[in-house]
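Peer 1: for reference, the sequence and a predicted model appear below.
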Amino acid sequence: MLETLNTVAALGTFVVIATTAIAALMQLRHMRASNQLEGLLSVLARVEDANFNKWLTDTQRQLPEMIADPVYVKSVYDNTFDRNVAWLQLGNSYDWVGSLVKNRLIPIDAFLDVYSFRIVQAWELMVPMTVLARHKVGNAVWENFEYLYVCGLDWTKKHSNGTYPKNMRRANLPAIEAVVPGHQRILTESND
(Lines give C-alpha, C1' and ligand atoms only; values in the text may rest on other atoms or scores of the structure.)
Protein backbone atom coordinates (compact mmCIF):
# COMPACT_ATOMS: atom_id res chain seq x y z
CA MET A 1 0.00 0.00 0.00
CA LEU A 2 2.77 2.41 0.95
CA GLU A 3 4.62 1.48 -2.22
CA THR A 4 1.54 2.27 -4.33
CA LEU A 5 1.08 5.58 -2.53
CA ASN A 6 4.72 6.50 -3.20
CA THR A 7 4.31 5.62 -6.89
CA VAL A 8 1.14 7.73 -7.19
CA ALA A 9 2.88 10.63 -5.41
CA ALA A 10 5.89 10.33 -7.75
CA LEU A 11 3.59 10.30 -10.80
CA GLY A 12 1.67 13.29 -9.43
CA THR A 13 4.92 15.17 -8.90
CA PHE A 14 6.02 14.29 -12.44
CA VAL A 15 2.70 15.55 -13.87
CA VAL A 16 2.98 18.83 -11.95
CA ILE A 17 6.59 19.35 -13.08
CA ALA A 18 5.77 18.45 -16.70
CA THR A 19 2.76 20.79 -16.73
CA THR A 20 4.87 23.59 -15.26
CA ALA A 21 7.57 23.03 -17.88
CA ILE A 22 5.04 23.08 -20.72
CA ALA A 23 3.47 26.26 -19.36
CA ALA A 24 6.92 27.86 -19.07
CA LEU A 25 7.75 26.94 -22.67
CA MET A 26 4.47 28.41 -23.87
CA GLN A 27 5.12 31.59 -21.91
CA LEU A 28 8.64 31.86 -23.39
CA ARG A 29 7.17 31.45 -26.86
CA HIS A 30 4.66 34.24 -26.24
CA MET A 31 7.40 36.44 -24.80
CA ARG A 32 9.56 35.87 -27.89
CA ALA A 33 6.65 36.74 -30.17
CA SER A 34 5.96 39.85 -28.12
CA ASN A 35 9.63 40.87 -28.25
CA GLN A 36 9.74 40.28 -32.01
CA LEU A 37 6.64 42.40 -32.48
CA GLU A 38 8.13 45.18 -30.37
CA GLY A 39 11.38 44.97 -32.35
CA LEU A 40 9.51 45.01 -35.65
CA LEU A 41 7.49 48.06 -34.62
CA SER A 42 10.70 49.83 -33.59
CA VAL A 43 12.34 49.07 -36.93
CA LEU A 44 9.25 50.09 -38.89
CA ALA A 45 9.18 53.41 -37.02
CA ARG A 46 12.81 53.98 -37.89
CA VAL A 47 12.41 53.06 -41.56
CA GLU A 48 9.37 55.33 -41.84
CA ASP A 49 11.19 58.20 -40.10
CA ALA A 50 11.40 61.41 -42.12
CA ASN A 51 15.21 61.29 -41.95
CA PHE A 52 15.28 57.82 -43.48
CA ASN A 53 13.14 58.93 -46.42
CA LYS A 54 15.25 62.08 -46.83
CA TRP A 55 18.42 59.97 -46.93
CA LEU A 56 16.96 57.93 -49.78
CA THR A 57 15.85 60.98 -51.74
CA ASP A 58 19.16 62.79 -51.17
CA THR A 59 21.12 59.69 -52.16
CA GLN A 60 19.12 59.39 -55.39
CA ARG A 61 19.87 63.01 -56.17
CA GLN A 62 23.49 63.34 -54.98
CA LEU A 63 25.16 60.00 -55.60
CA PRO A 64 25.62 60.27 -59.40
CA GLU A 65 27.48 63.58 -58.96
CA MET A 66 29.58 62.22 -56.08
CA ILE A 67 30.65 59.13 -58.03
CA ALA A 68 31.55 61.32 -61.02
CA ASP A 69 33.81 63.53 -58.84
CA PRO A 70 37.33 62.02 -58.63
CA VAL A 71 38.18 64.10 -55.54
CA TYR A 72 35.13 62.79 -53.70
CA VAL A 73 35.77 59.20 -54.78
CA LYS A 74 39.34 59.49 -53.44
CA SER A 75 38.05 60.86 -50.12
CA VAL A 76 35.74 57.84 -49.77
CA TYR A 77 38.57 55.49 -50.69
CA ASP A 78 40.91 57.19 -48.19
CA ASN A 79 38.14 57.25 -45.58
CA THR A 80 38.44 61.02 -45.16
CA PHE A 81 34.97 61.98 -46.43
CA ASP A 82 32.34 63.80 -44.38
CA ARG A 83 30.33 61.20 -42.42
CA ASN A 84 27.23 63.39 -42.38
CA VAL A 85 26.14 62.30 -45.84
CA ALA A 86 22.87 60.69 -46.89
CA TRP A 87 24.26 57.58 -48.60
CA LEU A 88 26.26 56.59 -45.52
CA GLN A 89 23.28 57.06 -43.20
CA LEU A 90 21.09 55.05 -45.56
CA GLY A 91 23.58 52.19 -45.92
CA ASN A 92 24.33 52.03 -42.20
CA SER A 93 20.65 52.06 -41.29
CA TYR A 94 19.78 49.22 -43.64
CA ASP A 95 22.84 47.34 -42.34
CA TRP A 96 21.48 47.71 -38.81
CA VAL A 97 18.07 46.42 -39.89
CA GLY A 98 19.72 43.57 -41.78
CA SER A 99 21.55 42.51 -38.63
CA LEU A 100 18.29 42.37 -36.69
CA VAL A 101 16.63 40.33 -39.43
CA LYS A 102 19.60 37.99 -39.88
CA ASN A 103 19.75 37.28 -36.16
CA ARG A 104 15.97 36.68 -36.06
CA LEU A 105 15.31 39.54 -33.67
CA ILE A 106 12.56 40.71 -36.01
CA PRO A 107 10.48 38.41 -38.23
CA ILE A 108 11.79 38.50 -41.79
CA ASP A 109 8.49 37.69 -43.53
CA ALA A 110 6.61 40.51 -41.84
CA PHE A 111 9.40 42.97 -42.64
CA LEU A 112 9.85 41.93 -46.28
CA ASP A 113 6.10 41.88 -46.87
CA VAL A 114 6.19 45.65 -46.48
CA TYR A 115 9.74 46.67 -47.43
CA SER A 116 11.19 44.24 -49.98
CA PHE A 117 10.78 46.72 -52.84
CA ARG A 118 12.42 49.57 -50.91
CA ILE A 119 15.33 47.39 -49.82
CA VAL A 120 16.02 46.24 -53.38
CA GLN A 121 15.75 49.82 -54.65
CA ALA A 122 18.08 51.19 -51.97
CA TRP A 123 20.73 48.47 -52.42
CA GLU A 124 20.80 48.90 -56.20
CA LEU A 125 21.08 52.66 -55.76
CA MET A 126 23.99 52.16 -53.34
CA VAL A 127 25.97 49.70 -55.51
CA PRO A 128 28.60 52.27 -56.60
CA MET A 129 29.38 53.25 -53.00
CA THR A 130 29.29 49.65 -51.85
CA VAL A 131 31.84 48.67 -54.50
CA LEU A 132 34.01 51.65 -53.59
CA ALA A 133 33.80 51.01 -49.84
CA ARG A 134 34.49 47.29 -50.23
CA HIS A 135 37.40 47.82 -52.62
CA LYS A 136 39.75 48.67 -49.77
CA VAL A 137 38.05 47.17 -46.71
CA GLY A 138 36.43 43.96 -47.98
CA ASN A 139 33.01 42.32 -48.10
CA ALA A 140 32.17 42.99 -44.46
CA VAL A 141 31.03 46.51 -45.38
CA TRP A 142 27.23 46.46 -45.32
CA GLU A 143 27.05 42.67 -45.35
CA ASN A 144 23.81 42.76 -43.36
CA PHE A 145 22.37 45.21 -45.88
CA GLU A 146 23.45 42.78 -48.61
CA TYR A 147 21.76 39.93 -46.74
CA LEU A 148 18.57 41.99 -46.57
CA TYR A 149 18.85 42.76 -50.31
CA VAL A 150 19.24 39.09 -51.28
CA CYS A 151 16.31 38.17 -49.03
CA GLY A 152 14.33 41.00 -50.64
CA LEU A 153 15.11 39.70 -54.13
CA ASP A 154 14.05 36.18 -53.14
CA TRP A 155 10.88 37.51 -51.51
CA THR A 156 9.99 39.55 -54.60
CA LYS A 157 10.57 36.56 -56.88
CA LYS A 158 8.53 34.24 -54.66
CA HIS A 159 5.69 36.77 -54.34
CA SER A 160 5.75 38.32 -57.81
CA ASN A 161 1.97 38.83 -57.70
CA GLY A 162 1.98 40.11 -54.13
CA THR A 163 0.76 38.40 -50.99
CA TYR A 164 -2.89 39.36 -51.10
CA PRO A 165 -5.05 36.45 -49.86
CA LYS A 166 -6.24 34.39 -52.85
CA ASN A 167 -9.85 34.01 -51.75
CA MET A 168 -10.32 37.63 -50.67
CA ARG A 169 -12.19 39.97 -52.99
CA ARG A 170 -10.29 43.03 -54.24
CA ALA A 171 -11.30 46.67 -54.09
CA ASN A 172 -12.79 48.16 -57.24
CA LEU A 173 -10.48 50.81 -58.70
CA PRO A 174 -11.31 53.16 -61.56
CA ALA A 175 -9.46 52.92 -64.86
CA ILE A 176 -6.29 54.97 -65.07
CA GLU A 177 -7.89 57.26 -67.65
CA ALA A 178 -10.42 58.40 -65.04
CA VAL A 179 -7.73 59.24 -62.52
CA VAL A 180 -4.85 60.54 -64.67
CA PRO A 181 -6.06 62.32 -67.80
CA GLY A 182 -3.47 62.05 -70.56
CA HIS A 183 -1.68 59.22 -68.77
CA GLN A 184 -0.32 57.69 -72.00
CA ARG A 185 1.39 60.95 -72.96
CA ILE A 186 2.73 61.50 -69.45
CA LEU A 187 4.11 57.97 -69.16
CA THR A 188 5.60 58.03 -72.66
CA GLU A 189 7.32 61.38 -71.99
CA SER A 190 8.74 60.18 -68.68
CA ASN A 191 10.32 57.15 -70.38
CA ASP A 192 12.16 59.27 -72.98
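Peer 2: Okay, I see it.

Peer 1: in what helix or strand does the closest residue to Arg170 other than its chain neighbours lie?
Peer 2: In space, Arg170 comes closest to Tyr164 once its chain neighbours are excluded; the distance is 7.2 Å by CB to CB, 6 or more residues apart in numbering. For glycine as for every other residue, the C-beta is placed from the backbone atoms N, C-alpha and C. Using DSSP states H and E, Tyr164 maps to neither a helix nor a strand.

Peer 1: Tyr164 and Asp49, how far apart?
Peer 2: 27 Å (CB to CB, to the nearest Å).

Peer 1: those two: which has the busier surroundings?
Peer 2: Set side by side, Tyr164 and Asp49 show more neighbours around Asp49, with 12 against 8, by other CB atoms under 10 Å.

Peer 1: is Asn79 in a helix, a strand, or coil?
Peer 2: What DSSP: H, G, I helix; E, B strand; the rest coil gives for Asn79 is coil.

Peer 1: give the helix, strand or coil label for the closest residue to it other than its chain neighbours.
Peer 2: Beyond its immediate neighbours in the sequence, the residue positioned closest to Asn79 (CB to CB, 6+ apart) is Lys136, lying 7.8 Å away. With three-state DSSP as the basis, Lys136 sits in helix.

Peer 1: residues near Lys136, how many?
Peer 2: Lys136 is surrounded by 11 other residues when neighbours are defined as other CB under 10 Å.

Peer 1: so it touches Tyr77, yeah?
Peer 2: Yes. Using CB atoms under 8 Å, Lys136 is in contact with Tyr77, at 6.0 Å.

Peer 1: what's the separation between Lys166 and Val141?
Peer 2: When distance is defined by CB to CB, Lys166 is 41 Å away from Val141.

Peer 1: of these two, who's got more company?
Peer 2: Neighbour count, other CB under 10 Å: between Lys166 and Val141, Val141 has more, with 18 against 6.

Peer 1: any weak-confidence spans in the protein?
Peer 2: By pLDDT under 70, the weakly predicted segments of the chain are 2, 5, 8-9, 11-12, 14-16, 18-48, 190-192.

Peer 1: residues touching the residue lying closest to Val120 once chain neighbours are set aside, list them.
Peer 2: What sits nearest to Val120 in space, not counting adjacent residues and going by CB to CB, 6+ apart, is Gly152, at 4.7 Å. With contacts taken as CB atoms under 8 Å, 6 or more residues apart in numbering, Gly152 has the following neighbours: Leu112, Tyr115, Ser116, Phe117, Ile119, Val120, Trp123.
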